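Chemist: okay, here's the prediction I keep looking at, along with the sequence it came from:
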Amino acid sequence: MNTIISPQEWPEPIVRVQSLSQTCTDSIPERYIKPLSDRPSSEADHVVDANIPIIDLSGLYGDPDARASTLRQISEACNEWGFFQIVNHGVSHELMDMARETWRQFFRLPLEVKQKYANSPKTYEGYGSRLGVEKGAILDWSDYYYLHYLPFSLKDHNKWPAHPPSCREVCDEYGRELVKLCGRLMKVLSINLGLEEDFLQKSFGGEDIGACLRVNFYPKCPRPELTLGLSSHSDPGGMTLLLSDDQVPGLQVRKGHNWITVKPVPHAFIVNIGDQIQVVSNANYKSVEHRVVVNSNKERVSLAFFYNPKSNIPIGPAKELVKPDKPALYTAMTFDEYRLFIRLRGPCGKSHVEALKSP
C-alpha cells in the first residue's frame, strides 16, 4: 500500500460544539446539518424498539454447563449482532462511576483550560471536535478527548488532563482493568471461532498491543433531528468496550435496515467487534455500523476504550479460517496504515473495511 501522510493541521478553524450548544437556541449551523438520508429522522431508516443481547459473564467461571451456555450466548451475539452488553465483568462499579464523573468534570472546565490540550489530525491525541480532514465536511455534534494507553512508548501523561486532579490516576486504573477484561474476551472469541484460546491475542501482537480511550461529549442540541453526535461508522480497531451514559440513551446499532437504540444497563460495558477482528476472522465475525443521536434537553458522556493490534504488524485473515469455499477475503494491512486511511476520511459507514477486500 502507498504510504499515507497524516496532515499536521485541521483544514478549517476548530469550533467547540459545547460552545455552540450554549449559544444556539433554536437552530444549528448549516455545517452540522446532515443530508436528509443520514438524519436520524430519515424515513429510509427505521428505529426499532429492541435491545442488544445482555450477557452475564459470571457464567464463564461457573460449572461446565454455565460456561458452555455463556460461550454460546457470546457466539450468537457476535454472529447476529456484533454488539452485546456484559454484566458481572469484574470491573469495580465504583471505578466505572468515577471514570465517567471525572470526564464529566473535565468537560465542565472553562474553555481556556481545555484548549491547552487541543489536538491535531497528526495523532488526534487531546481535546478535539472533528474527525477526518476533508475540507467543508459536514461535522458531528460532539467534542471528545482522545488519549493513548498502550503501548507504553506512546503513553504520555503530559497529554492527559491535569484537571480534575484525579484524572490521570483514575484513567490509569481504568485502563489497567479494561486491558485485563479485553484479554479475557479475546480468549472467548478465539475459542468460539474454533481457534486456540490465545490465537487472537497472538495475532494482535501478544502483550505488545495498542489501547486508547476516546471520551465522547455530546452537548444538548436544539435541533437533534437534523444532526448526529457521531456519524454512522464501524470501529477500525479490534474490540471496543463502551461505558455509556446510562441516564441518557444515544447509541444506535444497525441491524439490517433498522436502527436499534441501545438501552444501557447500569454498570454494564457495551462490547462491539471492530474491523480488525472482522479481518482476522475472515468475516466470520463482522464489525457493525453504529451512530449516536443527540438530545435537546440533556448532555451525554461516554467512554470508548479501543483494544487494537500492535500498530506495525500486518493483519490478515487467519489461515485456519480460510477454506476452499471461503477464500481469504482481505488483503493484509498494518493497523497504522488502516488508521491513517480512515483519518483522512472520517466516519463513513462500513466502506473502510470493505475497501480492504481482495480483488
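Modeler: Good, I have the coordinates.

Chemist: all helices for this protein, in order.
Modeler: Here the chain has its helices, by DSSP state H, at 17-23, 64-80, 93-107, 111-114, 167-192, 199-203, 275-280, 335-343, 351-354.

Chemist: what ranges does the stretch 1-150 of the chain have for its strands?
Modeler: Counting by DSSP state E, counting those that start in this stretch, the stretch 1-150 of the chain has strands at residues 46-48, 54-56, 83-87, 126-128, 143-150.

Chemist: any idea of the angle the last one forms with helix 167-192?
Modeler: Computed with axes from the mean of the first three to the mean of the last three Cα atoms, to 10 degrees, the direction of strand 143-150 lies at 70 degrees from that of helix 167-192.

Chemist: return the distance of strand 143-150 from the chain's centre.
Modeler: Remark: strand 143-150 is offset 11 Å from the chain centroid, using Cα atoms, centre = their mean, to the nearest Å.

Chemist: thinking again about what came up before, so for N284, which of the strands of the stretch 1-150 of the chain sits nearest?
Modeler: Judged by Cβ to Cβ, the one of these that comes nearest to N284 is strand 83-87, at 15.9 Å. For every residue, glycine as well, the C-beta is placed using N, CA and C.

Chemist: which residues touch the closest one?
Modeler: With Cβ atoms under 8 Å, 6 or more residues apart in numbering as the test, strand 83-87 has contacts from 52-57, 73-74, 77-78, 253, 262, 264-265, 267-273, 288, 290.

Chemist: wait, what's in contact with R168?
Modeler: With contact taken as Cβ under 8 Å, 6+ apart, R168 is in contact with H157, W160, P161, A162.

Chemist: rerun at 10 Å
Modeler: Contacts here follow Cβ atoms under 10 Å, 6 or more residues apart in numbering; on that basis R168 touches T102, L147, H157, N158, W160, P161, A162.

Chemist: do D65 as well
Modeler: Applying Cβ under 10 Å, 6+ apart, one finds that D65 lies in contact with G59.

Chemist: where in the stretch 151-300 of the chain is pLDDT low?
Modeler: Within the stretch 151-300 of the chain, no stretch falls below the threshold (pLDDT under 70).

Chemist: all strands for it, in order.
Modeler: Applying DSSP E, counting those that start in this stretch to the stretch 151-300 of the chain gives strands spanning 210-218, 230-233, 239-243, 251-255, 258-261, 269-273, 290-292, 300-308.

Chemist: what's the closest of these to G128?
Modeler: Ranking the strands of the stretch 151-300 of the chain by proximity to G128 (Cβ to Cβ) places strand 210-218 first, at 8.9 Å.

Chemist: name the strands paired with the closest one and say parallel or antiparallel.
Modeler: Strand pairing for strand 210-218, determined by DSSP bridges: strand 143-150 (antiparallel), strand 300-308 (antiparallel).

Chemist: so which of those is the most packed in?
Modeler: Of those, the one with the most neighbours on average (mean count of other Cβ atoms under 10 Å) is strand 300-308, at a mean of 24.

Chemist: now find how far off-centre that strand is within its chain.
Modeler: Centre-to-centre, strand 300-308 and its host chain are 5 Å apart (Cα atoms, centre = their mean).

Chemist: just the CA coordinates for it, please, in PDB.
Modeler: Output of strand 300-308 as PDB, limited to C-alpha atoms (Å, rounded to 0.1, in the frame of the first residue of the first chain):
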ATOM      1  CA  ARG A 300     -24.200  12.800  27.400                       C
ATOM      2  CA  VAL A 301     -20.800  11.500  28.300                       C
ATOM      3  CA  SER A 302     -19.500   8.100  27.200                       C
ATOM      4  CA  LEU A 303     -16.100   6.400  27.300                       C
ATOM      5  CA  ALA A 304     -15.000   4.200  24.400                       C
ATOM      6  CA  PHE A 305     -11.900   2.000  25.100                       C
ATOM      7  CA  PHE A 306     -10.300   0.600  22.000                       C
ATOM      8  CA  TYR A 307      -8.300  -2.600  22.100                       C
ATOM      9  CA  ASN A 308      -6.200  -2.800  19.000                       C
END
